[in-house]
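Colleague: Okay, predicted coordinates and the sequence, questions at the end:
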Number of protein chains: 2
Amino acid sequence: MSTADRLIESTRELLWERGYTGTSPKAIQHRAGAGQGSMYHHFAGKPDLALAAITRTAEDLRARAEEQLSAPGTAIERVTAYLRRERDVLKGCPIGRLTQDPDVMADPRLRAPIEETLAWLRQRLAEVLREIEPAPEAIAATVVAVLQGGYVLARAADSVEPFTAAIDGVLTLLTAR
Amino acid sequence: MSTADRLIESTRELLWERGYTGTSPKAIQHRAGAGQGSMYHHFAGKPDLALAAITRTAEDLRARAEEQLSAPGTAIERVTAYLRRERDVLKGCPIGRLTQDPDVMADPRLRAPIEETLAWLRQRLAEVLREIEPAPEAIAATVVAVLQGGYVLARAADSVEPFTAAIDGVLTLLTAR
DNA sequence: GTCTATATGACGATAGAC
DNA sequence: GTCTATCGTCATATAGAC
């Protein structure tokens, strides 16, 4: 892996763990095993590096969601597979967590991939759910919200349990229709 | 309002807007119209002040939830009133947002009120929903998660719309039972 | 109680040698 | 491409006068 790649990967990890404000260039360099000069040679600064990291994380999220959502099976089966797939629940959503960072949301370049990714997810889930719901838009928003909110509850409790309960609840409601 | 009170209120606002890491003592003092010496006279430091602020915000959240949840009406009516009550949607949940702050979650004193408040909310909603569900725990978790996740989607979109859609969706699912 | 002065280190970046 | 030196500012206090 090149130095530039190691810098991007380190930034992705740190943004996930500590957010944008909580992530310093120094910490990125240390984790990547790169020096100051090296980082500023490859990237213009912290926002530039964050953009590269966020873009890569957003692509990754979409690709992995698509794995479950475009698999064979009924709508319920695919949504269930997506919601119950293995996740780093206590780490939360690497995209959703950035919405809490005012410096990220204030920068249109950093904000765009986050807005687009969550809008895409909602729209993609609506497509799948259209198989069983004539107007699935609101329910698709609910499903994405349960996921994002489940992460919040899990972090608050320092336990996966509330996340699992929230997913179980929405699947119960969905399946009972 | 006393200086100590102004410091606590300013800290509450800043924690809501910028999180713990993003909030400096200097910013708190400036917003409260207090000097350095004044702040350190009343509070031991940033964590001490944050604890006072978080405690007050947690009490406030519980009191305001209780307003809707203990009102007269059916379970569905009370949950609907709670979910649809007026909110500062784009600002998000002042308690839930702190779960994204690793420095808060790493400090047991700061973490406790957050954990307790969300656990209480879940349990309180389960009590209300028991009127229509024999085993309401998972669905109560879902309802709280939709709220927390709805805030995330609203911030990502810079619009109240996804929040409203997510709430509408879960109420549709709940009411259709 | 509130003020000003001072301290130590981190933050985010630039400059220039190698 | 990477390194070290340097920079101006902010973060988070402590000390002591008033």
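Modeller: Alright, I've got the coordinates.
Colleague: Which helix or which strand is home to the residue located most distally from the centre of chain A?
Modeller: Relative to the centre of chain A, and counting by Cα atoms, centre = their mean, the farthest-placed residue is A:Gly37 at 30.6 Å. Per DSSP states H and E, A:Gly37 falls inside helix A:36-42.
Colleague: go on, A:Ser159?
Modeller: Applying DSSP H and E, one finds A:Ser159 in no helix or strand.
Colleague: Give me the neighbour count for it.
Modeller: Other residues within reach of A:Ser159, judged by other Cβ atoms under 10 Å in any protein chain shown, total 14. From N, CA and C alone the C-beta is placed, and that goes for glycine too.
Colleague: other SSEs contacting the helix ranked longest in chain A?
Modeller: Criterion DSSP state H: the longest helix present in chain A is helix A:46-69. With contacts taken as 3 or more Cβ pairs under 8 Å, 6 or more residues apart in numbering or on different chains; DSSP states H and E, helix A:46-69 sits against helix A:3-18, helix A:25-32, helix A:75-84, helix A:108-129.
Colleague: Mind doing that once more with 10 Å?
Modeller: helix A:3-18, helix A:25-32, helix A:36-42, helix A:75-84, helix A:102-105, helix A:108-129 (3 or more Cβ pairs under 10 Å, 6 or more residues apart in numbering or on different chains; DSSP states H and E).
Colleague: Put together TSV for those, with distance to B:Ala141 and mean pLDDT on each row.
Modeller: Shown next, in TSV, are the helices and strands packed on helix A:46-69 (distance: least, Cβ to Cβ, whole Å; pLDDT from 0 to 100):
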stretch	distance to B:Ala141	mean pLDDT
helix A:3-18	24	98
helix A:25-32	34	98
helix A:36-42	42	98
helix A:75-84	13	98
helix A:102-105	27	98
helix A:108-129	20	98
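Colleague: export those to CSV and tack on distance to DNA strand D?
Modeller: Formatted as CSV, these follow (distance: least, Cβ to the nearest atom of the strand, whole Å):
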stretch, distance to DNA strand D
helix A:3-18, 4
helix A:25-32, 8
helix A:36-42, 2
helix A:75-84, 37
helix A:102-105, 12
helix A:108-129, 19
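Colleague: Could you point out which of the ones you listed sits nearest chain B?
Modeller: Closest of these to chain B is helix A:108-129, at 4.5 Å (criterion: Cβ to the nearest Cβ).
Colleague: and chain A, which residues reach DNA strand C?
Modeller: Chain A comes close to DNA strand C at residues A:21, A:23-27, A:36-37, A:40, A:44-47, as judged by Cβ under 7 Å from any atom of the strand.
Colleague: By neighbour count, which of those residues wins?
Modeller: Top of the residues of chain A next to DNA strand C by neighbour number is A:Thr23, holding 24 neighbours under the definition other Cβ under 10 Å.
Colleague: residues contacting it?
Modeller: A:Thr23 sits next to A:10-11, A:13-17, A:31, A:46, A:49-50, A:53, A:101, B:21 when contact means Cβ atoms under 10 Å, 6 or more residues apart in numbering or on different chains.
Colleague: next one: phi and psi at it?
Modeller: Main-chain dihedrals, A:Thr23, degrees, to the nearest 10: phi -110, psi 120.
Colleague: Report how many residues lie close to the nearest residue to A:Pro113 once chain neighbours are set aside.
Modeller: Nearest non-adjacent residue to A:Pro113, counting by Cβ to Cβ, 6 or more residues apart in numbering or on different chains: A:Ala58, 4.3 Å away. Number of residues near A:Ala58 (other Cβ under 10 Å) recorded here: 21.
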